[in-house]
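**Q** just a sequence and a predicted model for now, questions to come.
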Amino acid sequence: MSPIRKFEKPLGMRDTFPKIFEKKEIIRQTGREFLRLRGFDFIQTPTLEYYDTVGKASAIVDSSLFKLVDSQGNTLVLRPDMTTPIARVATSKLLKEKIPLRLAYFASVFRAQQLEGGRPAEFEQMGIEIIGDSSVYADAEVILTAIHLLKALGIEEFKITIGNAGILDAIIKKNVQDEKQFEELHSLLVRKNVVGFEEAVISYHLPVEKEKTLLSFIEDATEMKSIREIAKYLYEKDAFIYMEQLASILEIADATSYIAFDFTLASHMNYYTGMLFEVFATGSGFPIGNGGRYDGLLQVFGTEVSAIGFGLRVDHLLEVIPQQSDEKNEVLVLFVATQLAEALKTAEKLRAQGKRTTLQSIEGLENLAAFENHFAEIVRIGQGGNVHE
Amino acid sequence: MNELTIAMPKGRIFEEAYEMLIEAGFELPENVEMSRKLMIEIPQEKIRFILAKPMDVPTYVEHGVADIGIAGKDVLLEQNREVHELLDLNISKCHIASAGLPNTALNEIAPRIATKYPTVASDYYREKGEQVEIIGLNGSIELAPMIGLADRIVDIVSTGQTLKENGLVEYEFITDVSSRLIANPVSYRMKNERILDLVKRLKKCVK
């Protein structure tokens, strides 16, 4: 490897420049106000966690974890997701105070990149978790929160695709011969590799009936007009009734135009057990968020409580939120050394009017004209009095 | 109806795929001037073609600058990108195989494999339980065993003519290759109807 140059950063690490920082702040503030109003409490968890607890329980593959060792020799990880640390803290403490819990976060997560650039290794996520409510209304609340949050951010063109990990697993498991075939078909669906799925099914030489079921399921599920079309593939109807209930709640809430059902939707986040969804929006080539029910995860931390949540990727949100007009309305107060007192007073007054005001001594500037170019309004405080421009 | 951007590989596959689209009922000009042009607009169908190197098609689609694309399975296997593979077009068929000089065995200490497909080759030998050293080349792979750079090559074979002319024989079949219709995951959802319609129409033309 060539020596590291002074300007280089580790693969996937990015700087946030002022303009992007401001845009992120708008997302953060809008999100915070919106979620607080909806009854969610914000929390923070540490950047570092133990590999043996959070690292192993998270659904992020081992090779994507940033690992380091503490002075006692324990392996630590930079948190790769927020759901797992929240499951940890909820189980050990918060659930004793209130149930169900409604928690929210805005935090960086870290996932090492193996491929070439174009993807960040550290990115912010904004999301929520509802812990301790196993009813279908919690599912609906999570989806509706996502929809309304996106609208509050000014995003109009988006789609939430909803599936169900339980239903999908049951249909595949019922029709394959062993766990290995199930794993293979499932991972093909995570990538939505329809061609690979069909090839694999045929290569298994399953009994005709089962092969036909799997092949027609994948075809029906991708072009499903109504969720009822999937009913015939199910032997155990509870999960299906649950999804029908969810669909009708979302209809009552007037959310139908933003959602679509796809029962082939599978996630690489293997802790999802029930309903799961992905969020897509025009403007970003990558999904802007995902979520679902993960009733098994809290068990890892010793409590049998159901939980559900979603996270939005702030870096992808930045690509899809409408352009803010960045009008220049900043004021520059320039002063000569002798007039400092006057300059301080003037700047104070301007700031009290809500104007963004920069105080700068003329002596400190090398190129006066170039610096002035950054401002819409200039106040010069010199010996002869004040001049506004 | 939104504009649909389709990434197409330059060269022979472009022509075959283009023919298929016409056959599927898309209103496209019979002859496209594609000597140096990299982008072709078809306003009446609201389609835009971008012409890329075959190896680059999945990259454009993964990043969403193209909604869908046509890519060889060899490229998809090699790059493992986040795209949806929707349809096997069954064109430009060939296979990936290992080849070498006749009646030779792999070097016992450090078998060397020259290839344009380092991921495919290393996955294959790993699966077989054999540790090999991969030497990445960009073309004229057949040279490698001839002048002693490698014991075997891993490359695509269509008729076997090139191997034969260079005195090489095929040893192991690795996998079948054909062109696939791929889609960006977001485009697949946001332009779902258009993409499914295209898949359906093309599916009827697959031979």
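**A** Structure received.

**Q** give me the residue from chain A nearest chain B.
**A** A:Gly285 (1.9 Å; Cβ to the nearest Cβ). C-beta: built from backbone N, CA, C; applies to glycine.

**Q** hang on, B:Leu21 packs against B:Leu202?
**A** Yes - counting by Cβ atoms under 8 Å, B:Leu202 is a contact partner of B:Leu21 at 7.4 Å.

**Q** what about the longest strand anywhere in chain B, average pLDDT?
**A** Assignment by DSSP state E gives strand B:169-177 as the longest strand of chain B. For strand B:169-177, mean pLDDT is 95.

**Q** before we move on, back to that, distance of the residue of chain A closest to chain B from B:Val186?
**A** 6 Å (Cβ to Cβ, to the nearest Å).

**Q** ok, these two, which is more surrounded?
**A** Neighbours per residue (other Cβ atoms under 10 Å in any protein chain shown) separate A:Gly285 from B:Val186, with B:Val186 holding more: 25 against 21.

**Q** got the residues of chain B near chain A?
**A** Chain B comes close to chain A at residues B:62-65, B:82-88, B:180, B:184-190, B:192, B:196, as judged by Cβ under 8 Å from any Cβ of the partner chain.

**Q** please enumerate the helices of the stretch 101-250 of chain A.
**A** Along the stretch 101-250 of chain A, counting by DSSP state H, counting those that start in this stretch, helices occupy A:136-152, A:165-175, A:179-190, A:194-203, A:208-222, A:238-252.

**Q** possible to save those helices as JSON lines with distance to chain B, mean neighbour count and mean pLDDT?
**A** Formatted as JSON lines, those follow (distance: least, Cβ to the nearest Cβ, whole Å; neighbours: other Cβ atoms under 10 Å in any protein chain shown; pLDDT from 0 to 100):
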{"stretch": "helix A:136-152", "distance to chain B": "14", "mean neighbour count": "21", "mean pLDDT": "96"}
{"stretch": "helix A:165-175", "distance to chain B": "16", "mean neighbour count": "20", "mean pLDDT": "91"}
{"stretch": "helix A:179-190", "distance to chain B": "9", "mean neighbour count": "17", "mean pLDDT": "92"}
{"stretch": "helix A:194-203", "distance to chain B": "5", "mean neighbour count": "18", "mean pLDDT": "93"}
{"stretch": "helix A:208-222", "distance to chain B": "7", "mean neighbour count": "16", "mean pLDDT": "89"}
{"stretch": "helix A:238-252", "distance to chain B": "17", "mean neighbour count": "16", "mean pLDDT": "91"}
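
**Q** need those helices in TSV with distance to A:Leu48, can you?
**A** Listed next are these as TSV, based on distance: least, Cβ to Cβ, whole Å:
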stretch	distance to A:Leu48
helix A:136-152	28
helix A:165-175	30
helix A:179-190	29
helix A:194-203	38
helix A:208-222	41
helix A:238-252	37
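
**Q** what does stretch A:5-25 contact?
**A** By Cβ atoms under 8 Å, 6 or more residues apart in numbering or on different chains, the residues outside stretch A:5-25 that reach it are A:112-113, A:117, A:119-122, A:124, A:314, A:318, A:321, A:324, A:326.

**Q** list buried residues within the residues you listed.
**A** When the contacts of stretch A:5-25 are checked for burial by 16 or more other Cβ atoms under 10 Å in any protein chain shown, the buried set is A:112, A:119-122, A:124, A:314, A:318, A:321.

**Q** where's the dip in pLDDT among the contacts of stretch A:5-25?
**A** Ranking the contacts of stretch A:5-25 by pLDDT, A:Gly117 lands last with 60.

**Q** partners of A:Gly311 in the sheet?
**A** A:Gly127, A:Asn290 (DSSP bridges).

**Q** that one reaches A:Met82, doesn't it?
**A** Yes - taking contacts as Cβ under 8 Å, A:Gly311 lies within contact range of A:Met82: 6.3 Å.

**Q** which one's more surrounded, the two?
**A** Taking other Cβ under 10 Å, A:Gly311 and A:Met82 do not tie; A:Met82 has more neighbours (27 against 24).

**Q** for B:Asp74, phi and psi?
**A** Phi and psi for B:Asp74, reported as degrees, to the nearest 10, are phi -60, psi -40.

**Q** and it, what pLDDT?
**A** Confidence score, pLDDT, at B:Asp74: 95.

**Q** find the closest residue to chain A in chain B.
**A** For chain B, Cβ to the nearest Cβ, closest residue to chain A: B:Gly64, 1.9 Å.

**Q** can you give me phi and psi for that residue?
**A** Backbone torsions for B:Gly64, taken as degrees, to the nearest 10, come to phi 80, psi 10.

**Q** what about it, neighbour count?
**A** B:Gly64: 20 neighbours (other Cβ under 10 Å).

**Q** for B:Tyr188, see how far away it is.
**A** 10 Å.

**Q** and A:Asp15, by the same measure?
**A** Taking Cβ to Cβ, one finds A:Asp15 at 32 Å from B:Tyr188.

**Q** would you mind telling me which of the two has more residues around it?
**A** Between A:Asp15 and B:Tyr188, counting by other Cβ under 10 Å, B:Tyr188 is the more crowded of the two (22 against 7).

**Q** what sits up against the strand or helix carrying the more buried one?
**A** For B:Tyr188, the host element (DSSP states H and E) is helix B:185-190. Contacts with helix B:185-190, where a contact means Cβ under 8 Å, 6+ apart, come from A:157, A:159, A:161, A:192, A:260, A:278, A:280-282, A:284-287, B:2, B:64, B:67-68, B:82-84, B:86, B:195.

**Q** any of those buried? List them.
**A** Judged by 16+ other Cβ under 10 Å, buried ones among the contacts of helix B:185-190: A:159, A:161, A:192, A:260, A:278, A:280-282, A:284-287, B:64, B:67-68, B:82-84, B:86, B:195.

**Q** in helices only, show me those.
**A** Counting by DSSP state H, the buried ones among the contacts of helix B:185-190 place B:Ile195 in helices.

**Q** low-confidence ranges, chain B, go.
**A** Counting by pLDDT under 70, chain B contains low-confidence ranges at B:1, B:33-35.

**Q** give the contact list for A:Arg356.
**A** Counting by Cβ under 8 Å, 6+ apart, A:Arg356 makes contact with A:329-331.

**Q** are any of the residues you listed buried, and which?
**A** Buried among these (16+ other Cβ under 10 Å): A:Val331.

**Q** mind checking which of the contacts of helix B:185-190 are in strands?
**A** Those of the contacts of helix B:185-190 lying in strands (DSSP E): A:159, A:161, A:260, A:278, A:280-281, B:68, B:84, B:86.

**Q** which of those lies closest to A:Lys174?
**A** A:Thr161 (23.3 Å; Cβ to Cβ).

**Q** helix or strand: which one has residue 77?
**A** Let's take chain A. Element membership of A:Val77 [criterion: DSSP H and E] is strand A:75-78.

**Q** not what I meant, chain B
**A** Using DSSP H and E, B:Leu77 maps to helix B:73-79.

**Q** show me how far that helix is from its chain's centre.
**A** What separates the centre of helix B:73-79 from the centre of its chain is 6 Å, taken as Cα atoms, centre = their mean, to the nearest Å.

**Q** so of the buried ones among the contacts of stretch A:5-25, which ones are in strands?
**A** Filtering the buried ones among the contacts of stretch A:5-25 for strands - DSSP E - leaves A:122, A:124.

**Q** with distance to chain B added, can I get the buried ones among the contacts of stretch A:5-25 in CSV?
**A** Converted to CSV, the buried ones among the contacts of stretch A:5-25 look like this (distance: Cβ to the nearest Cβ, whole Å):
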residue, distance to chain B
A:Ala112, 16
A:Arg119, 10
A:Pro120, 14
A:Ala121, 16
A:Glu122, 19
A:Glu124, 20
A:Val314, 17
A:Leu318, 15
A:Ile321, 15
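
**Q** closest one to A:Gly296 out of the buried ones among the contacts of stretch A:5-25, please.
**A** Closest approach to A:Gly296 among the buried ones among the contacts of stretch A:5-25 (Cβ to Cβ): A:Ala112, at 25.5 Å.
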